[in-house]
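J.: Below are the sequence and a predicted model; questions follow.
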Amino acid sequence: MRTSLLITVAVVLSFISCSQEEEMLTNFFQGRDRTSPVFLEVKTVETDEIVLYFNENVAKADLTVLSDEKGGSATVFENQAIVHLSEDLQPMEAVALQLSVQDSAGNSTTIETVAYGKNFDVPDLILNEFTTKGSRTNPDRVEIRILSDGNMAGVTFYNGMYHHHEFSYIFESIDVSRGQYLVIQFQTEPEEDDPFTFYGGEEGLGSNNGVLSIYRSPQNEIVDAVVYSNRSDDSDVEYGGFGTKKVYDMVSELAESRLWIPANPITPETAVRSENSTATRSLNRKEDGHDSNTSADWYVVATRESTFGEPNSQVLYSP
């Protein structure tokens, strides 16, 4: 009887001991940061300085420059890993980087990315005219109006937005002057003797719903954007009335940029209306060039009054 009691007590104590050990282990790990830093984006800020952003503060960074004949080192500041290159990057010159970062809890991650030399002479510019229902003879086109002298190296057009887009076009180095118009043409290649019209590829733009944007570089430095739609809040229950998740994601990113008003949320009714546009009736910005970031800046031009490469026609479409 006494022996049986001792065995029972021992078993109970062993369970208590295991429970206490498990609780101690649970308490040890509870509240500890066990998540590696997440890479967000990269930006070139100087000719020899690149900043990589993470979702939390980083305590250590080890850099390997993968590009030939390039070297550098990395320092950290809050959620940034700052790369100092041994040589200047020319505008749009690419450099491949491998970076291992560690947070204060010892969690680490290694990423590879490409950064581009920054163009410090980008002109002021805006989106000025576009068609999205192109044909073989009148393809989709987007016009950019140049508001100051500069150079276009690295300026990037997105069919969509930086994080959510269908395709992009990056300009090479070309000097431009205030008052010029540059055109990106899709679906069919432009005439060879037109130096200010550029081929954006065989894929066209979204016919009725979409977002177009222009950036100072391929690295998320947005300058201007426009959202267009033929829908309404009542046309679709899901995706904010825009019909597809693809367009909704573009519109949501545009809302975060605060380059369209109102932004909370952007609805089809607040977009530039596209239902009356055609291959020969483009959507035009008002010729005064005012940019209020609203649909009030835009109108549909009359049939065959599109003026890509020239000042916008003042002949409005009348249903």
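T.: Thanks, I have it.
J.: from here on, contacts and neighbour counts on C-alpha atoms
T.: Will do.
J.: so after the helix or strand where Lys43 lies, what's the next helix or strand?
T.: Here Lys43 sits within strand 39-46, counting by DSSP states H and E. Using DSSP H and E, the helix or strand that directly follows strand 39-46 along the chain is strand 49-54.
J.: what's that following strand packed up against?
T.: With contacts defined as 3 or more C-alpha pairs under 8 Å, 6 or more residues apart in numbering; DSSP states H and E, strand 49-54 has these neighbours: strand 39-46, strand 80-85.
J.: which residue ranges form the helices in this structure?
T.: Here the chain has its helices, by DSSP state H, at 2-29, 245-257.
J.: Least reliable of the ones you listed by average pLDDT, please.
T.: Mean pLDDT is lowest for helix 2-29 among the helices of the chain, at a mean of 48.
J.: Neighbours of Thr267, how many?
T.: 21 (other C-alpha atoms under 10 Å).
J.: what do you get for Thr47?
T.: Neighbours of Thr47 (other C-alpha under 10 Å): 18.
J.: That one touches Val95, doesn't it?
T.: No - using C-alpha atoms under 8 Å, Thr47 makes no contact with Val95, being 11.8 Å away.
J.: Next up, the contacts around Asp103.
T.: Residues near Asp103 by C-alpha atoms under 8 Å, 6 or more residues apart in numbering: 36-37, 56-60.
J.: Once you drop chain neighbours, what's closest to the residue nearest the centre of the chain?
T.: With distances taken as C-alpha atoms, centre = their mean, Tyr162 lies nearest the centre of the chain, 1.4 Å away. Closest residue to Tyr162 apart from its sequence neighbours, by C-alpha to C-alpha, 6 or more residues apart in numbering: Asn220 at 5.9 Å.
J.: Ok, Ser36 next?
T.: In this structure, Ser36 finds its nearest non-sequential neighbour in Asn107, 4.8 Å apart by C-alpha to C-alpha, 6+ apart.
J.: neighbours around that neighbour, how many?
T.: Asn107 has 15 nearby residues by other C-alpha under 10 Å.
J.: Who are the contact partners of it?
T.: 33-37.
J.: out of those, which are buried?
T.: 36-37 (16 or more other C-alpha atoms under 10 Å).
J.: Make TSV out of the contacts of Asn107 and add pLDDT.
T.: Formatted as TSV, those follow (pLDDT from 0 to 100):
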residue	pLDDT
Asp33	80
Arg34	86
Thr35	93
Ser36	95
Pro37	96
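J.: Same list (the contacts of Asn107) but as TSV, adding distance to Glu87.
T.: Converted to TSV, the contacts of Asn107 look like this (distance: C-alpha to C-alpha, whole Å):
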residue	distance to Glu87
Asp33	37
Arg34	37
Thr35	34
Ser36	31
Pro37	28
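J.: tally of neighbours for Asn57?
T.: For Asn57, the neighbour count with other C-alpha under 10 Å is 17.
J.: List the contacts of it.
T.: Residues near Asn57 by C-alpha under 8 Å, 6+ apart: 37, 77-80, 103-104.
J.: and what of Gly201?
T.: 185-189.
J.: between these, which has the most around it?
T.: Gln185 (24 neighbours).
J.: Contact partners for the residue nearest to that one when sequence neighbours are not counted?
T.: Residue nearest to Gln185 in three dimensions, not counting chain neighbours: Arg141, with 4.5 Å by C-alpha to C-alpha, 6+ apart. Taking C-alpha under 8 Å, 6+ apart, we find Arg141 in contact with 130-132, 134, 183-186.
J.: and if we set it to 7 Å?
T.: Neighbour list for Arg141: 130-131, 183-186 [criterion: C-alpha atoms under 7 Å, 6 or more residues apart in numbering].
J.: any idea which of the helices and strands packed on strand 49-54 is most buried?
T.: Highest mean neighbour count of the helices and strands packed on strand 49-54: strand 80-85, a mean of 22 (counted as mean count of other C-alpha atoms under 10 Å).
J.: so what does it touch, helix or strand wise?
T.: strand 49-54, strand 72-77 (3 or more C-alpha pairs under 7 Å, 6 or more residues apart in numbering; DSSP states H and E).
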